[in-house]
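Participant: Below are the sequence and a predicted model for it; my questions follow.
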Amino acid sequence: MSYRRGLLVAGLISALLAGPASALAQDAWTVQPAWVSAHENFLASPALRGRGGATNDELVAATYVASVFERYGLTPPPGLTGYLQTVELVKTIPGPGASLTLGDVRLDKDSGLVVLSSSNTVVTGSVAVAGETLESVPAADIVLVAPPEGPGMRPWIGAAMRQGAKVVVLRETEALKSASARAGRPGYELAGGGEDEGEASPDFVVVSAEAYDRLKAAVGAGATATLQPGASITETAATTNAIGWLQGSDPAAGVVMISAHLDHLGVVDGVIYPGANDDASGTAAVMELAHALGAGAQPKRSIMFVAYGAEELGLLGSKYFAEHPPIPLASIVANLEIEMIGQQDPTMPAGVMMMTGFERSDFGPLLKARGALVAPDPYPEQNFFQRSDNYSLALQGIVAHTISGWATIPTYHSPEDNIASLDIPFMTAAIQSLVEPLRALANGDITPAWAEGGRPVAGER
């Protein structure tokens, strides 16, 4: 081999071994479908058993994300010594003997009362009945809700929570019958409290249709009710956030935050709920955006990449993060949460994702103007803006929104949310469309701001 040829070969090998930070990778970035599917094939595999919140499977997922962050050249954030933020939780397992009393009506297990989750405290307070629309959900300590048939009860629960409900009494539907069969599932909360009043997760109980109608008939002006818990068991538990940091050139320019949640439902009645779309897809996107943005020139603003734990247990990972941030929250200029981009909503324009709370700020229009495939959320009645981890940051004043491919997907929270159901080309194109807009944000070319009246406040409907 000639000396000149040897230099050329050595230079090529050196460039290849240098990885994403090399000069070769400084060119326009192309997200590869194989990179996206590789993350999915691990996170949504049987090996991780659905990544249930506060389980060892979730910890394995967080450790994987942390290792990928390190592989892509990120460092731990300034306020942590490693990539993992451990969150202590209190786990309450409902026991037998619960009762609900309203006037002359008393319900227990034998008369149609099923406790889905409990805070293990006696709740006595005002009681009111929700009407047929989400807007009709009243402010009361104990709220009776008759959700429509089908899986769409979550918006009703969210509306009651935002109204400060301490107990939500659900009239049984076919979908709730399967949930009732899994009664006794644990409830979780942050250790030491710390959640704002009105934001804590309420108790959930299901009653038979006949029992619900008796309760409803007993509600009158000034009515009160009491939920007496059974002999619950309290244990300690933990969830984990994975956090990576890309240092910017100007420490005073602020921080861009890109996030998703890495947990799902885990194993239910012996069946794995893989959570390939919800939200392994968003987690894969966060990792590949770290890959892309970490491969280019150093941005002006630092970028923080976060994969939360325990979203499915009540946004607990993001709530803890907001209360114990590794950097000052005031330095975060915007947060983009990515959730369920594994398939596209057939009602949306081809290739386009929805962005929750689009009208609340100019963040969506700024991203869209630079090539991001985003459009307004077509389901405002579902209150998706308040139902994802972005909300924990938005309540702190940070311009924070969630983007999704298909938020009302039929496989939502089912065993069919698996790798086979994913549209990898759509996911890849979606992630690709975010690279340059987020690079522009990180370079300080744009700074999102709330629209007039767009910033949320705790307890808003």
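Facilitator: Arrived safely.

Participant: In space, what's closest to residue 188 - neighbours in sequence excluded?
Facilitator: Leaving aside its sequence neighbours, residue 188 sits nearest to residue 313 (CB to CB, 6 or more residues apart in numbering; 4.5 Å). (Each C-beta comes from the backbone N, C-alpha and C, glycine too.)

Participant: swap in residue 165?
Facilitator: Here the residue nearest residue 165, using CB to CB, 6+ apart, is residue 143, at 4.5 Å.

Participant: Settle this for me: that neighbour is touching residue 126, isn't it.
Facilitator: No - counting by CB atoms under 8 Å, no contact exists between residue 143 and residue 126, whose distance comes to 9.3 Å.

Participant: residues of the strand ranked longest in the chain that come out buried?
Facilitator: Here the longest strand in the chain is taken by residue count, with DSSP state E as the criterion, and it is strand 233-246. Of all the residues in strand 233-246, those buried under the rule 16 or more other CB atoms under 10 Å are 237-246.

Participant: among those residues, which two are most distant?
Facilitator: 237 and 246 (31.1 Å; CB to CB).

Participant: picking that back up, what distance do you get for the residue nearest to residue 165 to residue 218?
Facilitator: Using CB to CB, to the nearest Å, residue 143 is found at 14 Å from residue 218.

Participant: ok, now residue 79?
Facilitator: Distance of residue 79 to residue 218, given as CB to CB: 52 Å.

Participant: Same question for residue 93.
Facilitator: Taking CB to CB as the measure, residue 93 falls 30 Å from residue 218.

Participant: Between residue 143 and residue 126, point out the one with more neighbours.
Facilitator: Per other CB atoms under 10 Å, whichever of residue 143 and residue 126 has more neighbours is residue 143, with 27 against 16.

Participant: three-state assignment of residue 368?
Facilitator: When classified by DSSP: H, G, I helix; E, B strand; the rest coil, residue 368 comes out as helix.

Participant: same question, residue 87
Facilitator: strand.

Participant: show me the contacts for it.
Facilitator: By CB atoms under 8 Å, 6 or more residues apart in numbering, the contact set of residue 87 is 190, 238-241, 309-310, 316-317, 320.

Participant: Check the gap between it and residue 240 for me.
Facilitator: From residue 87 to residue 240 the distance is 7 Å (CB to CB).

Participant: shared neighbours of those two, which are they?
Facilitator: Counting by CB under 8 Å, 6+ apart, the shared contacts of residue 87 and residue 240 are 309, 317.

Participant: what is residue 261 paired to in the beta sheet?
Facilitator: Taking DSSP bridges as the rule, residue 261 bridges to residue 308.

Participant: can you give me the mean pLDDT across stretch 372-379?
Facilitator: Average pLDDT, stretch 372-379: 96.

Participant: Now it: buried residues?
Facilitator: For stretch 372-379, burial by neighbour count (16+ other CB under 10 Å) applies to 372-377, 379.

Participant: now the strands for the stretch 201-350 of the chain?
Facilitator: Using DSSP state E, counting those that start in this stretch, the strands of the stretch 201-350 of the chain run over residues 203-207, 224-228, 233-246, 255-261, 266-268, 271-273, 302-308, 332-338.

Participant: What residues of the fifth one count as buried?
Facilitator: Residues of strand 266-268 classed as buried: 266, 268 (neighbour count, 16+ other CB under 10 Å).

Participant: Quick check: can you name the pairing partners of that strand and their directions?
Facilitator: strand 271-273 (antiparallel).

Participant: so who does the residue lying closest to residue 32 once chain neighbours are set aside touch?
Facilitator: Nearest non-adjacent residue to residue 32, counting by CB to CB, 6+ apart: residue 428, 7.4 Å away. Applying CB under 8 Å, 6+ apart to residue 428 gives the contacts 31-33, 36.

Participant: Where does the prediction get shaky in the protein?
Facilitator: Within the chain, the stretches with pLDDT under 70 are 1-27, 149-154, 175, 177-184, 193-201, 459-461.

Participant: what residues go with each domain of it?
Facilitator: Following automatic domain parsing, the chain resolves into domains at 25-91+236-442, 95-231.

Participant: would you turn those domains into JSON lines with distance to residue 457?
Facilitator: What follows is the domains of the chain, written out as JSON lines (distance: least, CB to CB, whole Å):
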{"stretch": "domain 25-91+236-442", "distance to residue 457": "8"}
{"stretch": "domain 95-231", "distance to residue 457": "10"}
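
Participant: Of those domains, which is nearest residue 453?
Facilitator: Per CB to CB, nearest to residue 453 of these: domain 25-91+236-442, 8.3 Å.

Participant: how close does residue 101 sit to residue 111?
Facilitator: Distance, residue 101 to residue 111, using CB to CB: 11 Å.

Participant: Please apply the same query to residue 283.
Facilitator: 44 Å.

Participant: neighbour count winner among these two?
Facilitator: residue 283 (30 against 15).

Participant: For the nearest residue to residue 210 once chain neighbours are set aside, which residues are in contact?
Facilitator: Closest residue to residue 210 apart from its sequence neighbours, by CB to CB, 6+ apart: residue 112 at 6.7 Å. Shown in contact with residue 112 (CB under 8 Å, 6+ apart): 172, 207-208, 210-211.

Participant: again, but for residue 408
Facilitator: Residue 408 touches 345, 379, 382, counting by CB under 8 Å, 6+ apart.

Participant: repeat that for 10 Å
Facilitator: The neighbours of residue 408, taking CB atoms under 10 Å, 6 or more residues apart in numbering as the test, are 151-152, 340, 345, 347, 354, 378-379, 382, 384.
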